[in-house]
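**Q** the following comprises the amino acid sequence and a computationally predicted model.
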Amino acid sequence: MTRKFTGDRLLVATHNRGKLEEIAQLFEAFGVEVISAADLNLPEPEETETTFVGNARIKAHAAAKAANMPALADDSGITIDALDGAPGVYTADWAMTPTGRDFVKAMTDTWAKLEAVNAPCPRKAQFRCTLVLAWPDGHDEVFEGVMPGQVVWPMRGDQGHGYDPIFQPDGFDQTFGEMDRWEKNEISHRARAFRNLMHGCFK
Ligand SMILES: O=c1nc[nH]c2c1ncn2[C@H]1C[C@H](O)[C@@H](COP(=O)(O)OP(=O)(O)OP(=O)(O)O)O1
Ligand SMILES: [Mg+2]
């Protein structure tokens with residue numbers, strides 16, 4: 001039996017503003033208010049696992065225990081076919097520089113890697129999201145969402161966050177970076193995982 005969430009406030013175990021805004025907007029329609037681990041000054045645990053679900057579990061359980069309330073974590077990233085699924089769980093790491101995250105650099109490097117292997121077009125890729133809802137007693141529920149598409153160049157659009165300007169979802173002419181936040185939030189990997197979460201853990 002899937003455990004239900006019955007509160008009207010939920011802790012979201014993320015330090016990523018872009019993600020938080022999307023998750024808050026998704027919950028808004030259901031009357032659930034979200035607070036983030038960053039707002040509560042909770043520490044950012046190290047993501048030492050090699051899978052999305054493993055890292056989502058680390059973040060969700062750490063926050064649920066620290067705040068003694070249920071917590072939702074999102075671990076996500078892009079998998080690119082011609083790069084054998086990279087960057088995958090290392091999507092955020094590809095943006096790391098000595099002075100913090102630089103996604104223009106990450107997108108430029110990603111494109112250079114695709115050119116280097118002479119990847120045929122379209123350069124198929126998937127955005128993936130794993131959501132873990134964890135309770136302080138150690139129970140958790142896991143939900144996933146995938147949005148297939150292609151990596152495009154040059155970057156297009158200044159909406160969204162992360163790798164949005166180089167990801168064009170299948171069935172659309174715009175990149176995630178060109179879509180307004182409502183549009184992206186209807187079709188994204190995160191929206192798809194969220195729908196599964198609502199079916200599983202909410203009434
Ligand atoms: O919708 C998205 N649009 C563009 N890029 C995205 C998206 N969703 C994930 N991404 C990228 C950003 C980050 O480089 C990585 C997630 O890494 P991930 O560890 O799950 O998140 P994070 O470190 O940014 O925040 P936190 O761990 O505190 O939730 O994938
Ligand atoms: Mg992270």
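**A** Arrived safely. Computed from a predicted model, the values in this text were never measured in an experiment. Ligands and ions are numbered 1, 2, ... in the order given.

**Q** closest residue of the protein to ligand 1?
**A** Using C-beta to the nearest ligand atom, residue 162 is the residue of the chain that sits closest to ligand 1, at 2.4 Å. For glycine as for every other residue, the C-beta is placed from the backbone atoms N, C-alpha and C.

**Q** what about the residue lying closest to residue 139 once chain neighbours are set aside, which SS state?
**A** Leaving aside its chain neighbours, residue 139 sits nearest to residue 3 (5.8 Å; criterion: C-beta to C-beta, 6 or more residues apart in numbering). Per DSSP: H, G, I helix; E, B strand; the rest coil, the secondary structure class of residue 3 is coil.

**Q** next one: phi and psi at residue 3?
**A** phi -80, psi 140 (degrees, to the nearest 10).

**Q** also residue 142?
**A** phi -120, psi 140.

**Q** check what pLDDT it gets.
**A** pLDDT, residue 142: 98.

**Q** residues near residue 8, how many?
**A** Applying other C-beta atoms under 10 Å, we find 10 other residues in the vicinity of residue 8.

**Q** quick check: pLDDT value at the nearest residue to it once chain neighbours are set aside.
**A** With sequence-adjacent residues excluded and distances taken as C-beta to C-beta, 6+ apart, residue 8 is closest to residue 32, at 5.9 Å. pLDDT recorded at residue 32 is 95.

**Q** beta partners for residue 10?
**A** Going by DSSP bridges, residue 10 is paired in beta bridges with residue 34.

**Q** correct me, but it touches residue 32?
**A** Yes: at 5.5 Å, residue 10 and residue 32 qualify as touching, with contact defined as C-beta atoms under 8 Å.

**Q** ends of stretch 7-23, what's the gap?
**A** 16 Å (C-alpha to C-alpha, to the nearest Å).

**Q** buried sites along it?
**A** 10, 11, 12, 13, 14, 16, 19, 20, 21, 22, 23 (16 or more other C-beta atoms under 10 Å).

**Q** how much space separates the first one from residue 200?
**A** Meaning residue 10. For residue 10, the distance to residue 200 (C-beta to C-beta, to the nearest Å) stands at 14 Å.

**Q** what does the last one give?
**A** Taking C-beta to C-beta as the criterion, residue 23 is separated from residue 200 by 16 Å.

**Q** again, but for the fourth one
**A** Relative to residue 200, residue 13 is positioned 18 Å away (C-beta to C-beta).

**Q** same deal with residue 78?
**A** 25 Å.

**Q** those two: which is more packed in?
**A** For residue 78 versus residue 200, the count of surrounding residues by other C-beta under 10 Å is larger for residue 78: 25 against 16.

**Q** residue 45 versus that one, what's the distance?
**A** In terms of C-beta to C-beta, residue 78 sits 22 Å off from residue 45.

**Q** how far away from the center of its chain is the longest helix belonging to the chain?
**A** Looking across the chain with DSSP state H, the single longest helix is helix 52-67. Here helix 52-67 is found 14 Å from its chain centre; the criterion is C-alpha atoms, centre = their mean, to the nearest Å.
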